[in-house]
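In: build me a model from this:
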Amino acid sequence: MITVKHICWTGIAIFHLTVAALHAAHLEEWTTGKSRLLKPITAYGDYTGSGNIFSFFAPHIGNEIAVVYTLADGTRQQVTRLESSNTECNRRIQTIYNFFSIDEAQSLLAKSCAAYMLRQHPETRMLRVTVIGKQVPDMASFRAGATPKWEPFLVKDFKNLSYAR
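Out: Down below sits the predicted model:
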């Protein structure tokens, strides 16, 4: 049974969603002048955050980074990445990989990643850690047709010392 309370809450929800949708669609840009009705709608949209825009072009915020591991056991090579079926675990790994953008940390991080992979794959004799960054072009190059591309910026080889004897 629909009560007056249900009708009121449904009306409030419809009002909120309508105003939020209009504000997200940048209603204030549709007209040249500000009407008395538009000002409170814009304020409501600002307070709810429905007008926030995240579609900006900011190539200097930080490039995406990936790490590829090449494992060699003397007879074959295997290329792999450190990934999990757990999304949260993958986020944490990616957070660690983002520190490869700090020049002073690169060598230590590469050694740490190599040590972990050698523990996971004890049969490996040689390991190559390749750090790849997604290079985003500046706006002028992008407008001229340039596209983002993946480029390796750090390649380090490591030996499994248990086989070095």
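
In: can you list contacts of the lengthiest helix in the chain?
Out: Longest helix in the chain by number of residues (criterion: DSSP state H): helix 4-24. Helix 4-24 is contacted from outside by 41-42, 44-46, 48, 50-51, using C-beta atoms under 8 Å, 6 or more residues apart in numbering. (Glycine included, C-beta is placed from N, CA and C.)

In: take the residues you listed and keep only those in strands.
Out: Residues of these located in strands (DSSP state E): none.

In: so Phe158 makes contact with Lys111?
Out: Yes - with contact defined as C-beta atoms under 8 Å, Phe158 and Lys111 form a contacting pair (7.5 Å).

In: so for these two, which sits in the more crowded spot?
Out: Between Phe158 and Lys111, Phe158 has the larger neighbour count (other C-beta atoms under 10 Å), namely 18 against 13.

In: so what sits opposite that one in the bridge?
Out: For Phe158, the beta-bridge partners are Leu127 (DSSP bridges).

In: in the chain, what residue spans correspond to strands?
Out: Going by DSSP E, the chain shows strands at 65-72, 77-80, 126-135, 149-159.

In: tell me which strands and helices the last one is in contact with?
Out: Taking 3 or more C-beta pairs under 8 Å, 6 or more residues apart in numbering; DSSP states H and E as contact, the helices and strands that strand 149-159 lies on are helix 106-120, strand 126-135.
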